[in-house]
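Q: please find the sequence and the predicted model below.
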Amino acid sequence: LPIFNPRKAELWFARLESFFVANKITNQSTKFSYANSLLPDDVIEQVPDVVFKPDPDSPFDCLKRVVIRVTSLTDQKTIDQLLANVELGDNTLSQLKRHMTNLLGSRTIDRRLLYQLWLRRLPQNIQQILAIGDEDVDFDRLADIADRIYEQSKTHPVSQIQSGSTDEIAELRRSVDTLTKQIAQIQLLNASHSKRRGTSTSRRRRSPSTTRHNICWYHRTYGKQARKCTPPCNFASTQKKGRQDRRLMTTALTDHNSQDSRLLHVTDKRTGTQFLVDTGAEVSVVLPTALEKNTPDPKLKLQAANRSDIKTYGRRRLQLNFGPKSSF
């Protein structure tokens, strides 16, 4: 006798009745007894009324009708079960399609909906291939084609990442991190440079008025390259005598005529005005001679930029020559 399958109750009863015909069993009570003894307990518990109080006229037919009704899925439950419980497993793609079709039984469902339910359960690479196709193609034929594609894909599996390549990936990530940091530093330098350049530009964009010594802003800023001139401007007259007459460098004493300080000035030949060259220092330090090392000078105290003391051995005056007619 067949084993009862709650998902295929109609098929089970059809096979049971074939057994009755083969054994020439026609009595309703006898059929009822066979069915009652073969049904599992969880099914019997769902139909207690027809078991404890069998129909007096046709107990088997009544039991059959009630069991099929309580074990059959509604259309919505059928769809829910297809979505939740059906998986490919070890089946071929066409076997999965037949299993889903059999689960529907005699119920009708839109073929395109069934196709979409089936397609969702296929491997991702197969889904991508079949999704290009037309849904109106014969479902059975499409399932057979899917089987061949699936078998072919299994013979050429995607190479897996070997353990040895893990180190290469880590090294690549470190290289990317290093490059990212370098780019960030370059961006900071560019931003700083742009800021300084903007400050310098803003200074250059000040009013191009004539400044002291009657040289306009354009010539004072661009020299011979200036394309504009704001009068009064004496720049042209300072250029007539050539390069030797442009500026004269000389040394001069401080305003207090101190013999201990010699500063570097630039003298404007036209007006005679002296301009101090800001070197940041009033004296220059030179190496002492062997004789000078024997006579240190504790009164002259000097400090370096880092505030460390500089040993001194007196003062030395030097005659310098910075060019033609420029002796110091």
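A: Yep, it's here. All values derive from a computational prediction rather than experimental measurement.
Q: now stretch 45-58: average pLDDT?
A: Summarised as a single mean, pLDDT over stretch 45-58 is 91.
Q: list the buried residues of that stretch.
A: 47, 50-51, 54-55 (16 or more other CB atoms under 10 Å). For glycine as for every other residue, the C-beta is placed from the backbone atoms N, C-alpha and C.
Q: now, these that are in helices?
A: 50-51 (DSSP state H).
Q: which of the buried residues of stretch 45-58 lies closest to Ala236?
A: Ala236 has its nearest neighbour among those in Val47, at 121.0 Å by CB to CB.
Q: please verify my assumption that the closest one contacts Val70.
A: Yes: between Val47 and Val70 there is a contact under CB atoms under 8 Å: 6.2 Å.
Q: low-confidence regions, the protein specifically.
A: Applying pLDDT under 70 to the chain flags the ranges 73-85, 105-108, 132-137, 154-213, 240-282, 305-307, 319-328.
Q: now do the helices in it.
A: According to DSSP H, the helices that the chain contains are 9-22, 28-38, 41-44, 48-52, 59-71, 75-84, 93-104, 111-119, 124-130, 139-155, 164-204, 217-222, 235-238.
Q: which residue sits closest to Ile310 in space, ignoring its chain neighbours?
A: Leu302 (4.1 Å; CB to CB, 6 or more residues apart in numbering).
Q: pull the number of nearby residues for the one you found.
A: Neighbour count for Leu302, taken as other CB atoms under 10 Å: 13.
Q: list the contacts of it.
A: 283, 285, 309-310, 312 (CB atoms under 8 Å, 6 or more residues apart in numbering).
Q: if we use 7 Å, what do you get?
A: Applying CB atoms under 7 Å, 6 or more residues apart in numbering to Leu302 gives the contacts 285, 310, 312.
Q: tell me the one of the residues you listed nearest Leu104?
A: Ile310 (101.9 Å).
Q: wait, the closest one sits on Leu300?
A: No: the pair Ile310 and Leu300 does not pass the contact test of CB atoms under 7 Å, sitting 9.3 Å apart.
Q: these two - which one has more neighbours?
A: For Ile310 versus Leu300, neighbours defined as other CB under 10 Å are more numerous around Leu300 (14 against 10).
Q: nearest spatial neighbour of the more buried one, skipping sequence neighbours?
A: Thr312 (4.4 Å).
Q: quick check: the one you found vs Glu292, distance?
A: From Thr312 across to Glu292, the span is 10 Å (CB to CB, to the nearest Å).
Q: likewise Leu96?
A: 104 Å.
Q: show the contacting residues for the spatially closest residue to Ile215 that is not a sequence neighbour.
A: Closest residue to Ile215 apart from its sequence neighbours, by CB to CB, 6+ apart: Phe235 at 5.1 Å. Residues in contact with Phe235 (CB under 7 Å, 6+ apart) are 215-216, 219.
Q: name the nearest of these relative to Asp90.
A: So of these, ranked by how close each gets to Asp90 (CB to CB), first place is His219, at 92.8 Å.
Q: was I right about the closest one contacting Arg227?
A: No: His219 is beyond contact range of Arg227, at 10.4 Å (criterion: CB under 7 Å).
Q: okay, those two: which has more neighbours?
A: His219 (22 against 6).
Q: residues near Arg148, how many?
A: With other CB under 10 Å as criterion, Arg148 counts 11.
Q: distance of it relative to Asp309?
A: 93 Å.
Q: Val51 too?
A: Distance, Val51 to Asp309, by CB to CB: 115 Å.
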